[in-house]
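Enquirer: My questions are about this predicted structure, shown below with the sequence.
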Amino acid sequence: MKVELAQIKGRDGDTAYNLTRALEVIATCAVDTELLILPETYITGFPTKDNIAILAEPLNGPSIQSLHAAAKARNISVAVGFAEVCDGRYFNTSLGR
């Protein structure tokens, strides 16, 4: 199995920027990559108590759906971290698809 680690710098609180960069990394990873691993809380950046309610997404949120579609198009698995909201609670979640 070929694993690729994405050592990319994100911007805390800038989901749009981070998602765009993550999609670029998926699109340009090596042809034989089977698993791409993005940094912890990469999509949302590290949230604070002041912005977590704005940044957190459910597992089926728009950022995760975009990453899933991009990974499926490249036929790879992607592990990504993000701030998750579920039933009004917040989690530091890592998801692999």
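Expert: Looks like it arrived, so ask away. For clarity, every value in this text was computed on a predicted model and none was experimentally measured.

Enquirer: Can you tell me the strand partners of the helix-or-strand element of the chain with minimal mean pLDDT and which way each runs?
Expert: In the chain, no helix or strand scores lower on mean pLDDT, DSSP states H and E than strand 89-96, which sits at a mean of 93. Applying DSSP bridges to the sheet, strand 89-96 is found paired with strand 77-86 (antiparallel).

Enquirer: Of all the residues in the partner strand, which ones are buried?
Expert: Applying a neighbour-count criterion of 16 or more other Cβ atoms under 10 Å, one finds Ser77, Val78, Ala79, Val80, Gly81, Phe82, Ala83, Glu84, Val85 buried in strand 77-86. From N, CA and C alone the C-beta is placed, and that goes for glycine too.

Enquirer: which residues touch the last one?
Expert: Read it as Val85. Contact partners of Val85, counting by Cβ atoms under 8 Å, 6 or more residues apart in numbering, are Ala53, Ala56, Glu57, Pro58, Phe91.

Enquirer: how close does it get to Thr33?
Expert: Distance of Val85 to Thr33, computed by Cβ to Cβ, to the nearest Å: 30 Å.

Enquirer: next one: the fifth one
Expert: Note on Gly81: its distance to Thr33, by Cβ to Cβ, is 18 Å.

Enquirer: Next, the buried residues of stretch 16-23.
Expert: Within stretch 16-23, the residues that count as buried by 16+ other Cβ under 10 Å are Asn18, Leu19, Arg21, Ala22, Leu23.
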